[in-house]
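Trainee: no sequence for this one, just the structure:
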């Protein structure tokens with residue numbers, strides 16, 4: 001039976017396809033701007049819970065199991081949200097340049113048989129970003145809609161010195177955990 005991926009993220013869809021998990025993709029919006037949290041893990045949990053509750057009301061889990069997820073990026077003690085403009089993206093990325101960046105993904109899976117809540121974290125140690133590469137990435141617009149303007153499978157990949165955790169977590173959905181419960 002397919003699951004209902006309640007996310008508009010093409011990256012999450014690609015992760016499920018690559019893992020061989022059958023799904024349909026549709027979701028309702030949840031306004032994350034109303035969340036007040038100082039801890040990255042608390043923020044990502046609250047955002048995921050808000051998405052879960054909104055999508056549960058809209059779809060339920062009787063027809064298809066429900067899957068929601070949210071991701072937050074943190075570096076140097078700052079929660080790095082989605083950039084609002086190119087200058088914001090530049091500042092967010094410069095916070096990560098030459099530093100440890102943690103990408104935390106929370107997911108909630110609900111079927112008739114079980115409910116799973118998982119918070120997974122992947123840590124990256126980045127080299128300093130090359131300014132020309134950074135400007136090219138900013139011009140591409142690929143950073144739009146990405147937590148922390150970070151693409152570990154794209155721009156940031158060549159700057160990774162060390163990784164602790166699953167790449168899928170950093171991409172927005174820990175499929176390794178999801179597969180273990182399906």
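Mentor: That came through, no problem. Quantities reported herein were computed from a predicted structural model and do not represent experimental measurements. Residues are numbered from 1 along each chain as shown.

Trainee: what about residue 122, neighbour count?
Mentor: Other residues lying near residue 122 total 20 when counted by other Cβ atoms under 10 Å. The way it works is simple: take the backbone N, C-alpha and C, and place the C-beta from them, glycine included.

Trainee: Can you tell me the closest non-neighbouring residue to it?
Mentor: Nearest residue to residue 122, sequence neighbours excluded (Cβ to Cβ, 6 or more residues apart in numbering): residue 165, at 3.1 Å.

Trainee: got it, and residue 157?
Mentor: What sits nearest to residue 157 in space, not counting adjacent residues and going by Cβ to Cβ, 6+ apart, is residue 151, at 7.7 Å.

Trainee: likewise residue 22?
Mentor: Counting by Cβ to Cβ, 6+ apart, the residue nearest residue 22 is residue 2, at 4.1 Å.

Trainee: Over to residue 167?
Mentor: residue 152 is the one closest to residue 167 (Cβ to Cβ, 6+ apart), at 6.5 Å.

Trainee: hmm, back to that, if I look at the residue nearest to residue 22, how far off is residue 63?
Mentor: 10 Å (Cβ to Cβ, to the nearest Å).

Trainee: Would you map the helices across this protein?
Mentor: Using DSSP state H, the helices of the chain run over residues 10-18, 40-59, 86-96, 131-140, 167-171, 175-181.

Trainee: Can you get me the start-to-end distance on stretch 167-180?
Mentor: 16 Å (Cα to Cα, to the nearest Å).

Trainee: Would you mark the buried spots in it?
Mentor: Buried residues in stretch 167-180, counted by 16 or more other Cβ atoms under 10 Å: 167, 168, 169, 170, 171, 172, 173, 174, 175, 177, 178.

Trainee: what do you get for stretch 68-80?
Mentor: 68, 69, 70, 71, 72, 73, 74, 75, 79, 80.

Trainee: how distant is it from the center of its chain?
Mentor: Using Cα atoms, centre = their mean, to the nearest Å, the mean C-alpha position of stretch 68-80 is found 8 Å from that of the whole chain.

Trainee: quick one: average confidence on that stretch?
Mentor: The average pLDDT for stretch 68-80 rounds to 93.

Trainee: What lies in contact with it?
Mentor: 6-7, 9, 12, 27, 32, 37, 40, 43-44, 47-48, 51-52, 55, 81, 92, 95-96, 99-108, 147-150, 170, 172-173 (Cβ atoms under 8 Å, 6 or more residues apart in numbering).

Trainee: residue contacts, residue 109?
Mentor: 3, 65, 66, 67, 115, 116, 118, 178, 181.
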